[in-house]
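In: sequence and predicted model, in that order:
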Amino acid sequence: MKVTANIAQQCVEKSFFALGTTINLTAFGTASEEDLEDTYHLITAYEDKLTVNRTNSEIMAINHAAGKEPIQVSSGTYQLVKKAVEISRKHEGFNVAIGPLVKLWRIGFKEANVPNEQQIEDKRFLTDPNRIILNDMKMSVLLPESGMELDLGGIAKGYIADRIRSLWDSRGILAGIINLGGNILTIGACPLHGDHKWRIGVQNPWQKRGKPLVLEKVGPCSAVTSGVYERYFETTGKKYHHILDSRTGYPLKTDLVSVTVFTKDSIVGEIESTRLFFAGSLPLNWGEKRSDLYGAIFVYRDQSVHRYGFQQ
């Protein structure tokens, strides 16, 4: 996904690698390089707490203590884990306890492989979010079985994007683009076009990165995509994508290639894009009673595109 612009405006920009992806920040108007440097430090501070791709973090401390003892974490980390557990217990796709399966398949890494059925069943046994024990008083998390692992996935990225927006609001940054590796969050009225709408493109899964299949004109929003066209591996003539279904232990069987959701908050976009991807189509009455859900675009393997909403 990318944001396009027709004309140049006074702005500051910063790009760097974090959260396992390339981060691109663009702030318009009176924003300073110091504002973006502070944003960089905000992102890396959250990454230090939430990552599962390093040995040490608050989430990894919980994982290392699985089957042993509860781990007390900072307030922000606890509240995010609690929200992730609550969403996981709805069994609509996202599962914060899916870590053992992710590390078994290793899709997206050079060690990617197809596990045998016994390995999959052994790990699937460890992915039940109902077994996670939360203690609100102590802000502690216990994984009761050795081998259980939390993986916040995209929810962490959405949470961080929303925290960046709060920082920019406090600095008086009235317009900008937060791009966390394709997780887009736009702020304020777009200064690049006369209609003040942002242009957000939905990636064409059959073209090289940066080629949109659909281009939307939208107000300030979050745009998040769940898709299977980038992270996968092939073996014996078969493709295996990275969106794992903890009900089966295998990559989700679906006719979808991607779902892009446009919402007010990025964490909601992460939750809803996964939920809709697992649903396979738009649930009845989706968004009718919620003002923070703006629209969704479904792209299928037969190259059909279904577009919903956009009453913003």
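Out: It's in. Residues are numbered from 1 along each chain as shown.
In: strands of the stretch 101-250 of the chain, start to end?
Out: Along the stretch 101-250 of the chain, the segments classed as strands by DSSP state E, counting those that start in this stretch run 133-135, 140-142, 176-180, 183-187, 198-203, 212-218, 222-227, 232-235, 238-241, 244-245, 250-251.
In: which residue sits closest to Ala65, ignoring its sequence neighbours?
Out: Nearest-residue entry for Ala65: Ile71, 5.0 Å, with adjacent residues in sequence omitted and distances by CB to CB, 6 or more residues apart in numbering. Where C-beta positions appear, they are placed from N, C-alpha and C, glycine not excepted.
In: so the one you found bridges to which residues?
Out: Val141 (DSSP bridges).
In: as TSV, the strands of the stretch 101-250 of the chain with mean pLDDT, mean neighbour count and distance to Glu270 would be great.
Out: Below are these laid out as TSV (pLDDT from 0 to 100; neighbours: other CB atoms under 10 Å; distance: least, CB to CB, whole Å):
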stretch	mean pLDDT	mean neighbour count	distance to Glu270
strand 133-135	98	13	20
strand 140-142	98	20	20
strand 176-180	97	24	10
strand 183-187	97	24	7
strand 198-203	95	22	16
strand 212-218	94	16	18
strand 222-227	96	26	5
strand 232-235	90	13	20
strand 238-241	92	14	18
strand 244-245	96	20	16
strand 250-251	95	18	19
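In: and Thr260, its phi and psi?
Out: The phi/psi pair for Thr260 (degrees, to the nearest 10) reads phi -110, psi 130.
In: residue contacts, it?
Out: With contacts defined as CB atoms under 8 Å, 6 or more residues apart in numbering, Thr260 is in contact with Met1, Val202, Ala223, Val224, Thr225, Ser273, Ala296, Ile297, Val299.
In: hmm, 6 Å instead?
Out: Applying CB atoms under 6 Å, 6 or more residues apart in numbering, we find Thr260 in contact with Val202, Thr225, Ile297.
In: burial of the residue nearest to Val73 when sequence neighbours are not counted, as a residue count?
Out: Nearest residue to Val73 in three dimensions, chain neighbours excluded: Glu58, at 4.5 Å (CB to CB, 6+ apart). The number of residues packed near Glu58 is 22, by other CB atoms under 10 Å.
In: show me the contacts for Glu58.
Out: Neighbouring residues of Glu58 by CB under 6 Å, 6+ apart: Lys49, Val73, Thr77.
In: okay, domains of the chain per the record?
Out: Residue ranges for the domains of the chain, per automatic domain parsing: 2-46+158-309, 53-154.
In: ranking those domains by mean pLDDT, which is last?
Out: Note on the domains of the chain: lowest mean pLDDT is at domain 2-46+158-309, with a mean of 93.
In: what about that domain, distance to the chain center?
Out: Remark: domain 2-46+158-309 is offset 8 Å from the chain centroid, using CA atoms, centre = their mean, to the nearest Å.
In: again, but for stretch 46-62
Out: Between the centre of stretch 46-62 and the centre of its host chain there is 16 Å, according to CA atoms, centre = their mean.
In: buried residues in that stretch?
Out: Residues of stretch 46-62 classed as buried by neighbour count (16 or more other CB atoms under 10 Å): Tyr46, Glu47, Lys49, Leu50, Thr51, Val52, Ser57, Glu58, Ile59, Met60, Ile62.
In: next, format those as TSV and append distance to Tyr159 and secondary structure.
Out: As requested, the buried residues of stretch 46-62 are exported to TSV (distance: CB to CB, whole Å; DSSP: H, G, I helix; E, B strand; the rest coil):
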residue	distance to Tyr159	secondary structure
Tyr46	8	helix
Glu47	11	helix
Lys49	11	helix
Leu50	8	helix
Thr51	13	coil
Val52	14	coil
Ser57	14	coil
Glu58	13	helix
Ile59	12	helix
Met60	17	helix
Ile62	16	helix
